[in-house]
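> missing the sequence, but the structure's below:
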């Protein structure tokens with residue numbers, strides 16, 4: 001049991017989360033009419049959210065459709081920058097420490 005706990009403690013869960021989120025953004029279909037929303041404001045019934053369209057905008061940016069990406073959400077390039085920076089920091093920490101963190 002201690003070996004399993006030690007394995008889970010060494011596993012870089014945050015790194016896996018960020019890489020998984022980038023993969024999810026890249027396979028997202030921005031043109032689909034319906035999508036699963038994890039937005040808490042949407043779940044509470046609000047029509048407007050400052051983050052709405054960010055994932056679809058990031059997908060359009062990855063496909064090279066800059067104008068459509070900008071019109072959907074102008075902060076997509078900043079979001080990519082933040083995510084890639086965090087992945088870089090986590091990889092750097094993973095390489096310099098044996099116990100992740």
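Structure's in. What do you need? This is a predicted model, so every value here is computed, not measured.
> so where's the protein shaky on pLDDT?
7-8, 33-38, 97-101 (pLDDT under 70).
> max-length helix in it?
In the chain, taking DSSP state H as the definition, the longest helix is helix 76-96.
> And for residue 78, the neighbour number?
Using other Cβ atoms under 10 Å, residue 78 has 11 neighbouring residues. Yep, even glycine has a C-beta here, placed from its N, CA and C like the rest.
> separation between it and residue 2?
Noted for residue 78: a distance of 43 Å to residue 2, by Cβ to Cβ, to the nearest Å.
> give me the number of residues near the closest residue to residue 41 other than its chain neighbours?
Excluding the flanking residues, the one nearest residue 41 by Cβ to Cβ, 6 or more residues apart in numbering is residue 49, at 4.4 Å. For residue 49, the tally of surrounding residues (other Cβ under 10 Å) stands at 14.
> And the residue nearest the centre of the protein?
For the chain, residue 21 is the residue whose C-alpha lies nearest the centre (Cα atoms, centre = their mean; 3.7 Å).
> you'd agree it is up against residue 83?
Yes. Using Cβ atoms under 8 Å, residue 21 is in contact with residue 83, at 7.0 Å.
> Counting neighbours, show which residues of stretch 48-63 come out buried.
52, 53, 54, 55, 56, 57, 58, 59, 60, 61, 62 (16 or more other Cβ atoms under 10 Å).
> Endpoints of it, how far apart?
By Cα to Cα, to the nearest Å, the extent of stretch 48-63 from end to end equals 26 Å.
> what about the helices in this structure?
Using DSSP H, helices in the chain cover 2-10, 13-27, 40-43, 54-62, 66-72, 76-96.
> Highest mean neighbour count out of those helices?
helix 54-62 (a mean of 21; mean count of other Cβ atoms under 10 Å).
> and for that helix, what are the contacting residues?
Helix 54-62 has contacts (Cβ atoms under 8 Å, 6 or more residues apart in numbering) with 24-26, 28-30, 35, 66, 68-70, 72-77, 79-80.
> Also stretch 85-92?
Contacts of stretch 85-92 (Cβ under 8 Å, 6+ apart): 12, 14, 15, 18, 19, 22.
> Apart from its neighbours in sequence, what residue is nearest the third one?
Beyond its immediate neighbours in the sequence, the residue positioned closest to residue 15 (Cβ to Cβ, 6+ apart) is residue 90, lying 4.4 Å away.
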